[in-house]
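Engineer: build the 3D model from these lines:
(chains A and B)
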Amino acid sequence: MSATASKLGPGIAPYVFVAPFVAVFGAFMLGPLIGSIGLSMRATAGPAVSDFVFLDNFAFLLRDPDFWTALRNTFIFAAGSVFLQLPLSLALAMALNSDSIAGRAFLRLVYFAPVLVGLVFAALLFQIVFEKDTGLLNTALASFADSARGWTGLPFSFDPEFPWLTRFVLPALILAALWMYTGFNMVYFLAALQSVDRSLLEAASIDGAGPWRRFLHVTVPAIRPVGSFVVLLSIIGSMQLFELPWIMLNGGPGPDNRGLTIVMYLYQWGFQSGDLGYAAAIGWVLAVILIVFALAQRTLSGEKATS
Amino acid sequence: MRNTPREIVGRTTQHLLLYTGALIVLLPFVYMLCVSVREPGPGALGMFLPAGNGALGVDWSRVGLGNYIRLFVELDVIQPLLNSIFFSAASASLATVTAAMAGYTLAKHRFVGRRAVFATVLAALVIPGPLLLAPLYTMLFRLGLLDTYAGLILPAAAPAFGVFLFRQASISSVPTELLEAARIDGCGEYRAFFSIALPLLRPMTSAFVLISFLGAWNNFLLPQVILTNEDKFPLAVFVAQLRGLYGTDYGLIMASTFVSIAPVMVLFLFLQREFISGLTAGAVKG
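Structural biologist: You can find the predicted model right below:
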């Protein structure tokens, strides 16, 4: 028995192990993926009726001002995530990496917790936080301004009618995402900071390098691989923004399309207007954008193929 | 050690900032709870609870569990809660089984097609979910799987990311020598997987079960698109629909939001390590 087993190797076992994945993946991922190529060249009315239109969907998309609004909003949101959230995540990670902070473990848990809240639930919560007049943010800011005026005598004031969800949709979305993901990205940076060589930091310190130079020349090179991965992850996540604005703006793009995103544009066309072919074309444009970002990250971080 | 005044000031500022930040992170949760126990009635609202003449400046007669009672008795939140539990548990267990088996065999066995399968897995990591939405919908329509749990669970049962993670974990924590020794002792491939590899893969297994469960629990777009029968709605879709119907009834909306996130938060309190390692897996590439 043992002789046959080692002579014949694993036999059919590998195929048995890989079969469920290959079958389900082939049917429900690869199938639709291949199908989406053909579908993106059709105009459809619901899943049963369609016409071959070749590249018309893409031509229409490029001329549709709504698409460009969606693209612009999505990019602004992604930029907000990368340029506001990630520096904050890194600063938090560096602070919580030092032994001298009391209650580190507790703080990490608190900062991490919001990412467990689903986007729909976070959106419902923040819709009420951002509510004019009665919402937490405006009431807090207004009473803060009042007491600041009382203390300093300077003319501080904040209008509790501040219209976050009508005129300042993107800042509101960026703030909500800041709450959700800053602590999540912090955990990546905390892991990366473990690879910073402490003796190198001490040597630099003895050589007279200040905290800023130690950060730039010792810490940053050590966390660069994880850093570039986190940037890519944030961009990929941000580009698929949908639930947050959709729920916060009561199931729509908001006034003047201020909260329209690419995936919302896809959803409206595919599942409200019933043009699944056009939705598939939008999906491909999104996929191409993400692939470009992924390739750029790989080039910039100087990595060879992952394996 | 070296406690110069400057360092003491620096450390105090650091603590102050970190704890203020933590307070800001926690405030929305506290706000949600407070709004959910507000009872309707005349008078000022206050920032968190209805303002009044009671203790702490709160009108305690307008604080109660009315919204929760409505939610459970009138609006039958139990059904979507059970739907979410079933849908998430089924998706997570199927996804973990297929991913663990495929990841393990990709790491430890040589077979025809291995390279092709792994290349497909890597390529699939870049494919955004929304791209598949329209073609998946068309396909489920043809298969008659629209408005069924099968149509919701099967697409989640073959996670490329999970296969990638289990392959990495098998490479790093299942020693090939151990498998070979077992083979020489007459252990078959299936027993080797279940009694040698799986116990060694336990940390990855529990982390992956949790993140797949969380992903299914919080999934909105796919169930929203696929399901039409309200009896089948999971919490995310149910609560979003409730918001549409009771738009400004914030107490009710916050009560339902709290009911939806509480199970996940309780799980998190018990299994922090698994959640954190699962959600941030894949950052350190092997």
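Engineer: can you map out the strands along the stretch 1-150 of chain A?
Structural biologist: All strands of the stretch 1-150 of chain A, identified by DSSP state E, counting those that start in this stretch, fall at A:42-45, A:49-52.
Engineer: would CSV of these with distance to chain B and mean neighbour count be doable?
Structural biologist: Quick note: C-beta positions are derived from backbone N, CA and C, even for glycine. As requested, those are exported to CSV (distance: least, Cβ to the nearest Cβ, whole Å; neighbours: other Cβ atoms under 10 Å in any protein chain shown):
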stretch, distance to chain B, mean neighbour count
strand A:42-45, 8, 18
strand A:49-52, 9, 12
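Engineer: what's the distance between A:Ser301 and chain B?
Structural biologist: Plainly put, A:Ser301 is 11 Å away from chain B if you go by Cβ to the nearest Cβ, to the nearest Å.
Engineer: closest one to A:Pro87 among the strands of the stretch 1-150 of chain A?
Structural biologist: strand A:42-45 (44.2 Å; Cβ to Cβ).
Engineer: and the helices in the stretch 51-200 of chain B?
Structural biologist: Secondary structure of the stretch 51-200 of chain B (DSSP state H, counting those that start in this stretch): helices located at B:66-69, B:78-108, B:114-124, B:129-143, B:149-153, B:160-173, B:176-184, B:189-191, B:198-200.
Engineer: mind putting those into a markdown table with distance to B:Ile253, mean pLDDT and mean neighbour count?
Structural biologist: A markdown table is the format used below for the helices of the stretch 51-200 of chain B (distance: least, Cβ to Cβ, whole Å; pLDDT from 0 to 100; neighbours: other Cβ atoms under 10 Å in any protein chain shown):
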| stretch | distance to B:Ile253 | mean pLDDT | mean neighbour count |
| --- | --- | --- | --- |
| helix B:66-69 | 9 | 94 | 18 |
| helix B:78-108 | 14 | 96 | 22 |
| helix B:114-124 | 37 | 93 | 15 |
| helix B:129-143 | 26 | 93 | 22 |
| helix B:149-153 | 25 | 94 | 20 |
| helix B:160-173 | 33 | 92 | 21 |
| helix B:176-184 | 53 | 91 | 14 |
| helix B:189-191 | 50 | 92 | 15 |
| helix B:198-200 | 43 | 94 | 14 |
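Engineer: wait, which of the ones you listed is closest to B:Gly10?
Structural biologist: helix B:160-173 (39.4 Å).
Engineer: hmm, back to that, including distance to A:Trp246, could the helices of the stretch 51-200 of chain B go into CSV?
Structural biologist: Output for the helices of the stretch 51-200 of chain B, formatted as CSV (distance: least, Cβ to Cβ, whole Å):
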stretch, distance to A:Trp246
helix B:66-69, 24
helix B:78-108, 19
helix B:114-124, 26
helix B:129-143, 12
helix B:149-153, 19
helix B:160-173, 24
helix B:176-184, 48
helix B:189-191, 46
helix B:198-200, 40
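Engineer: between the ones you listed, which one is closest to A:Ser81.
Structural biologist: Across the helices of the stretch 51-200 of chain B, closest to A:Ser81 is helix B:129-143 (Cβ to Cβ), at 17.6 Å.
Engineer: can you tell me the element the residue nearest to the spatial centre of chain A falls in?
Structural biologist: Geometric centre of chain A, nearest residue: A:Gly237, 2.8 Å, by Cα atoms, centre = their mean. For A:Gly237, the host element (DSSP states H and E) is helix A:220-239.
Engineer: and the contacts of whichever helix or strand comes after that helix?
Structural biologist: Using DSSP H and E, the helix or strand that follows helix A:220-239 in sequence is helix A:243-248. By Cβ atoms under 8 Å, 6 or more residues apart in numbering or on different chains, the surrounding residues in contact with helix A:243-248 are A:118-120, A:122-124, A:126-127, A:130, A:165, A:169, A:172-173, A:176-177, A:252-254, A:259-261, A:264, A:267, B:220-221, B:240, B:243.
Engineer: then stretch A:210-227?
Structural biologist: A:86, A:90, A:94, A:188-189, A:191-193, A:195-197, A:200-201, A:204-205, A:209, A:301, A:303, B:283-285.
Engineer: what residues of it count as buried?
Structural biologist: Going by neighbour count (16 or more other Cβ atoms under 10 Å in any protein chain shown), the buried part of stretch A:210-227 is A:Arg214, A:Phe215, A:Val218, A:Thr219, A:Ala222, A:Ile223, A:Pro225, A:Val226, A:Gly227.
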